[in-house]
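Novice: please work out how this folds:
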Amino acid sequence: MMRPRLRNEHGQGIIELVVTMVVISLALLALAASYDTGFLSLHHSARKLAAANLAEKQLELYAAIPYASLGLDTTTLATVKSSDPTYVSDEATLTPTGTDVTLTCGTSSFCLPVQCNPAASCTYPVTTSEDPLGSDGKHYKVETFIRKVSQTVSGGATANEIDITVIVRDPNTSGTPIVYETTTAFDCGPRGGSCT
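Specialist: Sure thing, here's the model as predicted:
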């Protein structure tokens, strides 16, 4: 003889279904949140890569010219320092400290302390062809600092080198934050020409 059931199981299927739906919904929400985080991370990485490419492109200009031609245009640098407080502030934070390397070279892109977007809004000489467009299709502000720095080498001797720092800022974001910064040191070494 069969024993009667101790309790009624009517509605158990619906409760299990509701619990399963809640668990799946929570899992989908967590997955959606991770997509949002991943998208932001990807966006920041793309922006940093585009800025790094612009900085490296700027440094390649200096690697291709003689040591004696490394420098920023005297007139343009004076104009930038008097009208661009961000450039002056960035220069004040550079280490090690050194003296500006200037020469008379006009508006060649390797001579400009700042390249910015839009070129027409700059008060110093920046042409449209020098308006830095990143690989992500966005415009950036590229600041270049060229300084002669004295280093103490073995035996207590002093050697001069030229430090070139490139800072890339994002003018599309409030406050124009720094996206990428790099410094490369150049010495006369095997380069041809004068080492002065």
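
Novice: same for the helix or strand containing Ala50, what does it pack against?
Specialist: For Ala50, the host element (DSSP states H and E) is helix 12-63. Where contact means 3 or more Cβ pairs under 8 Å, 6 or more residues apart in numbering; DSSP states H and E, helix 12-63 is packed against strand 141-152, strand 158-169, strand 178-186. C-beta here means a position set from N, CA and C on the backbone, and glycine is covered the same way.

Novice: with distance to Pro113, mean neighbour count and mean pLDDT added, can I get those strands in CSV?
Specialist: Below are those laid out as CSV (distance: least, Cβ to Cβ, whole Å; neighbours: other Cβ atoms under 10 Å; pLDDT from 0 to 100):
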stretch, distance to Pro113, mean neighbour count, mean pLDDT
strand 141-152, 6, 19, 89
strand 158-169, 11, 19, 89
strand 178-186, 15, 17, 93
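
Novice: any chance of those in TSV, plus distance to Gln58?
Specialist: Compiled in TSV, the helices and strands packed on helix 12-63 are given as follows (distance: least, Cβ to Cβ, whole Å):
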stretch	distance to Gln58
strand 141-152	6
strand 158-169	5
strand 178-186	9
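
Novice: so which of those strands comes closest to Leu42?
Specialist: Proximity to Leu42 (Cβ to Cβ) singles out strand 178-186 among these, at 14.9 Å.

Novice: please identify the pairing partners of the closest one and their relative orientation?
Specialist: With DSSP bridges as the test, strand 178-186 is paired with strand 158-169 (antiparallel).

Novice: how far does the partner strand sit from its chain's centre?
Specialist: Computed by Cα atoms, centre = their mean, to the nearest Å, the chain-centroid distance of strand 158-169 equals 16 Å.

Novice: and the helix holding Ala50, average pLDDT?
Specialist: Taken as a whole, helix 12-63 carries a mean pLDDT of 87.

Novice: I'd like the distance between Leu112 and Thr86.
Specialist: Taking Cβ to Cβ, to the nearest Å as the measure, Leu112 falls 15 Å from Thr86.

Novice: having no further points to raise, I will conclude here.
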